[in-house]
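> Quick one, what's the 3D model for this:
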Amino acid sequence: MLHTFYPVLPDLSWLERLVPLGVKTVQLRLKDADPQEMKRQIEASLELCAKHDCQLIVNDYWHEAIALGADYIHLGQEDLAAADLKAIKQTGLKLGISTHSHEELEVALKAEPDYVALGPVYETKLKKMKWAPQGLARVTEWKNSIRCPLVAIAGITVERAPDVLAAGADSLAVVTDIVTHEKPEKRVAEWLELVSA
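Numbering: from 1, shown residues only. Model prediction:
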């Protein structure tokens, strides 16, 4: 089960800082690590999450996620095209897929995902996006057209969260609001307070 607050973090050191605060779903979005380092970080993240009763979602690296016994894998559209969906399903690995357009949603739903992510809901500063902000109406539209949980991502802050949840998102994937915050631990505490209220 995905939790309402879903931080997406760049590496193990971030998980070590924030998971012990009470985070229950987290994504490890590791970029440009060599295979050995990637394996080490996924393994250590799995151990950390098991210790804190938190579910780990591994971004992109589905071979390693299968080999190391992760619960969830998250794939973007390019990675989805190259992934062995049969192998992923056979191991019982749960699957989340990014979508940014109706065409991508169609592709994602054919893979029978355990959740669909929609973004960018708001403008994001984290990476150059070729997609315009989707807005809250699109969140509602997506929610009404899928049967699995909906994760909203991009530009979501504590202040905007109630509107995104009201629009139909089941879970809020949060990146910038945490990793660029001057006090990330304090910000996570605010998020946890919001979702437990």
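> which residue ranges form the strands in the protein?
Under the criterion DSSP state E, strands of the chain are mapped to 5-9, 25-28, 55-59, 72-75, 94-99, 115-118, 150-153, 171-174.
> Name the residue most distant from the centre of this structure?
When distances are taken from the C-alpha mean of the chain, Gln36 lies farthest, 23.1 Å away, according to CA atoms, centre = their mean.
> so how far is Ile42 from it?
Using CB to CB, to the nearest Å, Gln36 is found at 11 Å from Ile42. C-betas here are computed from N, CA, C, even on glycine.
> Report the beta-bridge partner residues of the residue nearest to His74 when sequence neighbours are not counted.
Among residues not flanking His74 along the chain, Gly96 sits closest, at 4.3 Å (CB to CB, 6 or more residues apart in numbering). Beta-bridge pairing of Gly96 under DSSP bridges involves His74, Tyr115.
> Now do the same for Gly96: its pLDDT.
pLDDT, Gly96: 98.
> ok, it - how many residues close by?
Neighbours of Gly96 under the rule other CB atoms under 10 Å: 24.
> Thought Val116 was touching it, still the case?
Yes: using CB atoms under 8 Å, Gly96 is in contact with Val116, at 7.4 Å.
> returning to what we had before: can you say which of the strands of the chain is nearest to Ala189?
Smallest distance to Ala189 across the strands of the chain (CB to CB): 11.1 Å, for strand 5-9.
> so the closest one versus strand 55-59, what angle?
Counting by axes from the mean of the first three to the mean of the last three CA atoms, to 10 degrees, strand 5-9 lies at 40 degrees to strand 55-59.
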